[in-house]
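Asks: Based on what follows, work out the 3D shape:
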Amino acid sequence: MAKKNAFYAQSGGVTAVINASACGVIETARAYPDHINKVYAGHNGIIGALTEDLIDISQESSATIAALKHTPGGAFGSCRYKLRSFEENQREYERLVQVFRAHNIGYFFYNGGGDSQDTAHKVSQISQTMGYPITCIGIPKTVDNDLPFTDCSPGFGSVAKYIAVSTQEASLDLASMCETSTKIFIMEVMGRHAGWIAASGALARCEAGDPPHIIVFPEIVFDRPAFLEKVKQSVKDHGYCVIVISEGARNPDGTFLADSGGKDAFGHTQLGGVAPFVANMIKGELGYKYHWAVADYLQRAARHVASAMDVEHAYAVGKAAVEFAIAGKNAVMPTIVRNPGEAYSWTIGEANLAAVANVEQMMPRDYISDCGFDITAACRDYLLPLIQGEAPPPYENGIPVVARLKKIKVEKVLNSHFSV
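Replies: This next block holds a predicted model:
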């Protein structure tokens, strides 16, 4: 039987370590030449497959592939594009199978979050019914840490480290000026429905009373009077107040505090602006001078302060994905399994894509304090191992060195054009 080629693609919001997963996939595939011929990457995720826009990774040197491990962003281009059901849009699935067949692709590795795992699951099912079975393995990735079945999501540990470090640094700035100037600092972080990133701000604390003094989670309904009282008490006790707030903070009626009214390609509400919203609330009610910041892309692109553990996790799930496929597994996703014991250790497990797809893992209630504005000791014990270790990139002329891909395209063989 002729060897098959593999197709790898990145999907959704990228992370500081998603390319480490790509490195794991590519290096492992190259180590099994008897099983996998070439690895192609989709230019801009699944869109690259639909439009037959493929990158020939065999044209990239081993050194360039190795450099992916310390390069942030999505090296091959990512996308927010959700495949609808087969009944809704049969033509997309027919096109995918057509492209995969034309390029002798038998393995599909999709690196993304819950929506991406849904795509991989759908392709694994539909390809069989259409007479061209494709081995589909999902590769976990999301800064939100909301994928089920895996102890953590590769990408999260580095964001958690960035938010903890940034909270500490900004807090020292604020504390030094609060007597005569700003008394409130608000850091807005990502997290639509899950407050894992906001929780990581608490890791900045070394002693009791250290900032952040308030954390606002999406899982807890925003209590305006209780929040303002806590701000006032913090200023009284410490002279200032540091707040870490999730973009997904919500009102009692379930609406977001900061809803821009738009939708993204996955149908999710566009968020952003909760920090200035809350800052103005504090100014209006309490009169304190404030500053606020939105971590935005910085939190998920900060490879220079990435967690070494996160890099290790990301590479491992990419490597495992290829090993799963070669072993004959299909429609599964490698997971991180935390071993029992006081000292942190982990292994690779697996979960069925059907169970992972479109499921969000929120913070357990016992990870959030009774007052709703802080984390518990159990949450801290969970988070701390994920930010351990430093994995700085190499530097040249004071700037991090990143992978520079040739991105040589695979020649198109299909005459038909497909638009998305």
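
Asks: State the mean pLDDT of the longest helix seen in the chain.
Replies: Determined from DSSP state H, the single longest helix within the chain is helix 156-177. Across helix 156-177, pLDDT averages out at 98.

Asks: What of stretch 344-357?
Replies: Rounded mean pLDDT across stretch 344-357 is 96.

Asks: which helices and strands sit right next to the longest helix of the chain?
Replies: strand 184-189, helix 196-200, strand 241-246, helix 296-301, helix 308-326 (3 or more C-beta pairs under 8 Å, 6 or more residues apart in numbering; DSSP states H and E). All C-beta spots, glycine's among them, are computed from the backbone N, C-alpha and C.

Asks: From the chain's centroid, how far away is it?
Replies: On the basis of C-alpha atoms, centre = their mean, to the nearest Å, helix 156-177 sits 19 Å off its chain's mean C-alpha point.

Asks: Just the buried positions in it, please.
Replies: By neighbour count on 16 or more other C-beta atoms under 10 Å, the buried set for helix 156-177 is 156-168, 170-171, 174-175.

Asks: Could you do stretch 59-76 as well?
Replies: 60, 64-65, 67-76.

Asks: Tell me how far that stretch lies from the chain's centre.
Replies: 18 Å.

Asks: do you know how far the residue nearest to the spatial centre of the chain is from Ser200?
Replies: In the chain, the centroid-proximal residue (C-alpha atoms, centre = their mean) is Thr142; its distance is 2.0 Å. Distance, Thr142 to Ser200, using C-beta to C-beta, to the nearest Å: 14 Å.

Asks: What of Ala226?
Replies: Taking C-beta to C-beta, one finds Ala226 at 23 Å from Ser200.

Asks: Looking at those two, which is more packed in?
Replies: Shown here are Ala226 and Ser200; by other C-beta atoms under 10 Å, Ser200 has more neighbours (32 against 12).

Asks: ok, the nearest residue to that one once chain neighbours are set aside - contacts?
Replies: Spatially, and ignoring its direct neighbours in sequence, Ser200 is nearest to Ala160 (3.4 Å; C-beta to C-beta, 6 or more residues apart in numbering). By C-beta atoms under 8 Å, 6 or more residues apart in numbering, Ala160 lies in contact with 145, 196-197, 200, 203, 307, 383, 386-387.

Asks: Helix or strand with the lowest mean pLDDT in this structure?
Replies: Least confident helix or strand of the chain, by mean pLDDT, DSSP states H and E, is strand 259-263 with a mean of 53.

Asks: Where does the prediction get shaky in the stretch 101-250 of the chain?
Replies: By pLDDT under 70, the stretch 101-250 of the chain has no low-scoring segment.

Asks: Report how many residues lie close to the closest residue to Arg205 other than its chain neighbours.
Replies: Of all residues not flanking Arg205 in the chain, Pro211 sits nearest, at 7.2 Å (C-beta to C-beta, 6+ apart). Residues near Pro211, counting by other C-beta under 10 Å, number 25.

Asks: now, which of the contacts of Ala160 sits nearest Lys329?
Replies: Asn145 (24.5 Å; C-beta to C-beta).

Asks: what sits against the closest residue to Lys412 other than its chain neighbours?
Replies: In space, and not counting its chain neighbours, Lys412 is closest to Glu52: 4.9 Å by C-beta to C-beta, 6+ apart. Glu52 makes contact with 99, 102, 412-414, 418 under the criterion C-beta under 8 Å, 6+ apart.
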